[in-house]
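Asker: A predicted structure for the sequence below; I have some questions about it.
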Amino acid sequence: MTDLLLRGRVLSFKSRPNSIDDIESYSYFEDGAVLIRDGKIAVTGDYLELSGKESGVKVIDHRPNLILPGFIDTHNHLPQMQVIGSFGAQLLDWLNTYTFPAEASFEDSGHAERIASAYFDEMLRNGTTTTVAFCSVHKTSAEAYFSEAERRNMCVIGGKVMMDRNAPAGVLDTPQSGYDESKSLIAKWHGRGRGHYAISPRFAITSTPQQMEATQALFQEHGDCYMQTHLSENLKEIEFTLELYPDAPDYLGIYESYGLLGERSLFGHSIHLTDRERQAMADTGSVAVFCPTSNLFIGSGLFDEKATREQGVPVAVATDIGGGTSCSMLRTMEEAYKVLQLQNQNLNPLASFFMMTLGNARALSLAHEIGTLESGTQADLVVLNSRATPGMELRMEVATTLSEELFVLQTMGDDRSVVDVYVSGVPSHPSS
Ligand code: GUN
Ligand code: ZN
């Protein structure tokens with residue numbers, strides 16, 4: 001494989017930026033370059049320095065665009081690509097009216113394969129190179145997800161949902177079949193190529209205590225797998241959940257009693273939490289996943305990022321397609337900004353870009369592989385144009401700093417700003 005040298009304005013984070021002036025938190029090369037060798041980043045630095053040392057490399061000139069680590073989406077639903085923009089319902093009605101019927105179709109492997117291919121195209125078109133997905137209850141959908149990711153050499157996490165009650169028969173498994181099918185998917189896909197398995201009890205409402213026990217057994221038997229579920233998204237959901245588990249101290253306490261907390265445990269939404277729940281998450285390193293477009297669209301509530309982070313809970317960000325309304329992490333961070341504005345919390349644009357990249361990589365315990373442009377990590381990259389539309393071009397005429405430019409990208413940008421995307425060093429934009 002010929003070495004590739006990508007030239008452009010190169011930006012990568014080292015830590016969470018505390019303010020728009022926190023220049024220690026990132027590295028930025030105005031005329032920079034990323035040298036890619038065998039699918040990995042060999043060196044990131046100054047173009048003139050790197051090009052002087054390297055001969056026989058193929059140079060791709062992306063100037064004046066920005067080169068960043070590819071975006072990471074830490075929570076979404078593969079079988080909900082055709083649920084996006086479903087009108088007029090909050091969580092439980094939305095699930096029953098739109099989502100469960102759409103997910104029932106994924107028993108058909110042809111349908112699952114077609115949507116999986118479209119899903120990854122859409123993710124890549126938006127600059128997302130790693131995704132964490134809930135598949136449907138059917139093994140076929142997880143097969144389609146992992147096969148398609150493997151074909152594209154993408155780093156992904158996912159699993160079939162486990163759900164054995166409070167939904168139509170077409171989307172239910174049983175404690176035994178959910179256990180058996182998850183187990184065989186783990187054996188086939190976990191650790192194969194760049195794939196990781198997430199044991200995925202959908203949420204406490206759709207799992208009986210017997211299924212939660214099966215989930216616990218799986219997680220104990222496969223400690224290096226992830227666990228993903230939903231937590232405290234909607235007030236009616238919380239009320240119903242506590243009716244189903246009357247002995248639990250609170251919503252998180254249910255998952256806790258089945259041993260499901262930990263550094264590889266991802267809790268989607270985590271909006272209406274008590275201090276006790278946040279403390280238990282902090283103590284175990286469990287991750288709260290903020291899904292702003294979904295929380296606004298389904299009318300679930302406002303995620304308290306400041307309280308969550310200040311109590312020591314790792315926070316990730318995600319689209320939550322198809323409760324969420326866009327596969328774009330840029331659109332997602334625009335809405336994150338607004339959700340926090342409503343609570344007098346300012347999310348600075350450097351912190352937004354940190355969250356989409358290194359922040360999410362850390363939340364997934366994958367920062368050694370993705371989320372930065374450090375030597376030795378995988379060459380998953382996105383190339384961004386801050387002047388992709390006439391409106392952005394006009395706005396950029398008066399932007400003077402890097403953080404201002406990032407804020408324009410986050411506020412006005414979408415897939416039109418994604419000029420190119422590289423997966424393991426290979427150009428992978430669907431139009432390329
Ligand atoms: N809670 C349980 N399942 C789901 C889902 O598919 N989407 C959202 N937003 N919340 C959920
Ligand atoms: Zn979700």
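Answerer: In hand now; what should we look at? Residues are numbered from 1 along each chain as shown. Ligands and ions are numbered 1, 2, ... in the order given.
Asker: Please count neighbours and contacts with C-alpha atoms only from this point.
Answerer: OK.
Asker: Quick one: the helices in the stretch 51-200 of the chain, in order.
Answerer: Assigned by DSSP state H, counting those that start in this stretch, the stretch 51-200 of the chain shows helices spanning 91-94, 100-104, 109-125, 139-151, 175-189.
Asker: Pick out the residue of the stretch 251-400 of the chain closest to ligand 1.
Answerer: Ligand 1 sits closest to residue 323 of the stretch 251-400 of the chain, with a gap of 4.8 Å, by C-alpha to the nearest ligand atom.
Asker: pLDDT at the residue nearest to that residue when sequence neighbours are not counted, what is it?
Answerer: Distances taken as C-alpha to C-alpha, 6 or more residues apart in numbering place residue 294 nearest to residue 323, at 4.7 Å, with adjacent residues excluded. What the model reports for residue 294 is a pLDDT of 98.
Asker: from what I can see residue 294 touches residue 317, true?
Answerer: No - with contact defined as C-alpha atoms under 8 Å, residue 294 and residue 317 do not form a contacting pair (11.3 Å).
Asker: List the buried residues for the one helix or strand residue 277 maps to?
Answerer: Using DSSP states H and E, the element containing residue 277 is helix 275-284. Neighbour-count burial for helix 275-284, with 16 or more other C-alpha atoms under 10 Å as criterion, is recorded at 277, 278, 279, 280, 281, 282, 284.
Asker: cool, stretch 17-35 as well?
Answerer: So stretch 17-35, judged by 16+ other C-alpha under 10 Å, has buried residues 17, 25, 26, 28, 29, 30, 32, 33, 34, 35.
Asker: contacting residues around it?
Answerer: Outside stretch 17-35, the residues within contact range by C-alpha atoms under 8 Å, 6 or more residues apart in numbering are 3-16, 41-48, 50, 348-351, 354, 373, 403.
Asker: In three-state terms, label residue 299 for me.
Answerer: coil (DSSP: H, G, I helix; E, B strand; the rest coil).
Asker: on that earlier part again, neighbouring contacts of the helix holding residue 277?
Answerer: Outside of helix 275-284, the residues that reach it under the criterion C-alpha under 8 Å, 6+ apart are 250, 252, 253, 261, 262, 263, 287, 308, 311, 312, 313, 314.
Asker: go on, stretch 212-221?
Answerer: Around stretch 212-221, the neighbours that count as contacts under C-alpha under 8 Å, 6+ apart are 175, 176, 178, 179, 183, 199, 201, 225, 227, 258, 259, 260.
Asker: Can I get that stretch in PDB, CA atoms only?
Answerer: Included here for stretch 212-221 are C-alpha records, laid out as PDB according to Å, rounded to 0.1, in the frame of the first residue of the first chain:
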ATOM      1  CA  MET A 212     -32.400  -9.200  33.000                       C
ATOM      2  CA  GLU A 213     -30.900 -12.300  34.700                       C
ATOM      3  CA  ALA A 214     -29.900 -13.600  31.300                       C
ATOM      4  CA  THR A 215     -28.400 -10.300  30.500                       C
ATOM      5  CA  GLN A 216     -26.400 -10.300  33.700                       C
ATOM      6  CA  ALA A 217     -25.100 -13.800  32.900                       C
ATOM      7  CA  LEU A 218     -24.000 -12.700  29.500                       C
ATOM      8  CA  PHE A 219     -22.200  -9.600  30.800                       C
ATOM      9  CA  GLN A 220     -20.500 -11.700  33.500                       C
ATOM     10  CA  GLU A 221     -19.400 -14.300  30.900                       C
END
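Asker: Quick check: residues of the stretch 301-432 of the chain near ligand 1?
Answerer: Applying C-alpha under 6 Å from any ligand atom, one finds that the stretch 301-432 of the chain approaches ligand 1 through residue 323.
Asker: who's in contact with residue 81?
Answerer: Under the criterion of C-alpha under 8 Å, 6+ apart, the contact list for residue 81 reads 115, 119, 321, 322.
Asker: Dump the residues you listed to TSV, plus neighbour count.
Answerer: Compiled in TSV, the contacts of residue 81 are given as follows (neighbours: other C-alpha atoms under 10 Å):
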residue	neighbour count
115	21
119	20
321	27
322	23
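Asker: Please produce a markdown table containing the residues you listed, extended by pLDDT.
Answerer: Compiled in a markdown table, those are given as follows (pLDDT from 0 to 100):
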| residue | pLDDT |
| --- | --- |
| 115 | 98 |
| 119 | 98 |
| 321 | 98 |
| 322 | 98 |
